[in-house]
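Engineer: fold the following, please.
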Amino acid sequence: NNFKIYLKWQKTSNFDNILHQKQINNLDVSKYMEGSYIYGQDKFGHPLMWDTGNKVQKKSDLTIYKECGEDGMDQVLSYIIKLLHEVKVATNRHYGLPQGIVDQSGDDNKDDVDDDSKEKQNGSRN
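Structural biologist: I've put the predicted structure just below:
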């Protein structure tokens, strides 16, 4: 069952606190992130990540990824996903946009009136 797989991943990946983790497999987390950058966002506010492609070249040294095993790679993936999530939350907070899941049926949107008025005051909506 996919939900059980997700729960196992969440437990082993330390997703909620992953950004406080300084090392994965006794190696600084930044080593796993070399060549990857968050450089902006799309029109929906989703963060955009750029990768130089150095990891996929024929002569690339992927030793650090091979040595960290499946659990270590889950932690690296968790770190990247959490970093992207934090960028989106910070952007939404900065522009006064809703922080949580918005119900598209219309029932939940009535609570977003304050957010909409903030955007109009800031000139971010026409």
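Engineer: okay, and the residue nearest the centre of the chain sits in which element?
Structural biologist: Closest residue to the average C-alpha location of the chain: L84 at 2.3 Å, with CA atoms, centre = their mean. Per DSSP states H and E, L84 falls inside helix 69-95.
Engineer: tell me how many other residues crowd L27.
Structural biologist: L27 is flanked by 14 other residues according to other CB atoms under 10 Å. For glycine as for every other residue, the C-beta is placed from the backbone atoms N, C-alpha and C.
Engineer: who's in contact with it?
Structural biologist: Contacts for L27 (CB atoms under 8 Å, 6 or more residues apart in numbering) come out as 64, 68.
Engineer: try it again at 7 Å.
Structural biologist: Going by CB atoms under 7 Å, 6 or more residues apart in numbering, L27 touches I64.
Engineer: ok, now how distant is it from P47?
Structural biologist: 24 Å (CB to CB, to the nearest Å).
Engineer: just the helices in this protein please.
Structural biologist: Along the chain, the segments classed as helices by DSSP state H run 2-13, 29-33, 63-67, 69-95, 113-122.
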